[in-house]
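> Quick one, structure for this:
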Amino acid sequence: MSKPLPHLYVARHGETEWTVTGQHTGTTDLPLTDRGEANAQRLGERLAGHAFAKILVSPLLRARQTYDLAALGGIADVDRDLVEWNYGDYEG
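Below is the predicted model:
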């Protein structure tokens, strides 16, 4: 009998001020809004009970805050390849 396939979960960071205004955030390191923090906590509630073999997180503040507030357990590996695109002059 074959093993079941692994599951992959991908989550975006919670809301920031620029999410609300529709600005391109890119590499600008913005914190979560209060609503973004609440969203991150709800993410943790939805994923409660899951055991993760590996957790990767962007080094940007909004992503690390989302991970911390979701309280998924374990230690996330910070992966620079997960940083959003640099929009240059279009950022903000």
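
> all contacts plus neighbour counts: C-alpha atoms, from now on.
OK.

> Distance of residue 62 relative to residue 7?
The span separating residue 62 from residue 7 equals 24 Å under the rule CA to CA, to the nearest Å.

> er, residue 92 actually
35 Å.

> and these two? which has more neighbours close in?
Taking neighbours as other CA atoms under 10 Å, residue 92 and residue 7 compare with residue 92 leading, 14 against 6.

> surely the more buried one meets residue 29?
No. Residue 92 is beyond contact range of residue 29, at 11.1 Å (criterion: CA atoms under 8 Å).

> Just the strands from the chain, written as ranges.
Taking DSSP state E to define them, one finds strands in the chain at 56-57, 77-78.

> Turn those strands into JSON lines, columns for mean pLDDT, mean neighbour count and distance to residue 47.
JSON lines is the format used below for the strands of the chain (pLDDT from 0 to 100; neighbours: other CA atoms under 10 Å; distance: least, CA to CA, whole Å):
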{"stretch": "strand 56-57", "mean pLDDT": "96", "mean neighbour count": "19", "distance to residue 47": "15"}
{"stretch": "strand 77-78", "mean pLDDT": "96", "mean neighbour count": "14", "distance to residue 47": "18"}
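
> Which of those strands sits closest to residue 34?
Shortest distance between residue 34 and the strands of the chain, using CA to CA, is found for strand 56-57: 20.3 Å.

> what's the closest one packed up against?
Using 3 or more CA pairs under 8 Å, 6 or more residues apart in numbering; DSSP states H and E as the contact test, the elements touching strand 56-57 are helix 61-70, strand 77-78.

> Let me know the outermost residue of this structure.
Among residues of the chain, the one most distant from the C-alpha centroid is residue 1; the distance is 35.6 Å, by CA atoms, centre = their mean.

> Helices along the protein, start to end?
The residue ranges that make up the helices of the chain, judged by DSSP state H, are 17-21, 34-47, 61-70.

> Can you add distance to residue 40 and give the strands of the chain back as CSV?
Rendered in CSV, the data for the strands of the chain read as follows (distance: least, CA to CA, whole Å):
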stretch, distance to residue 40
strand 56-57, 13
strand 77-78, 18
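
> right, and those - which one's nearest residue 69?
Between residue 69 and the strands of the chain, the tightest spacing by CA to CA is seen for strand 56-57, at 12.9 Å.
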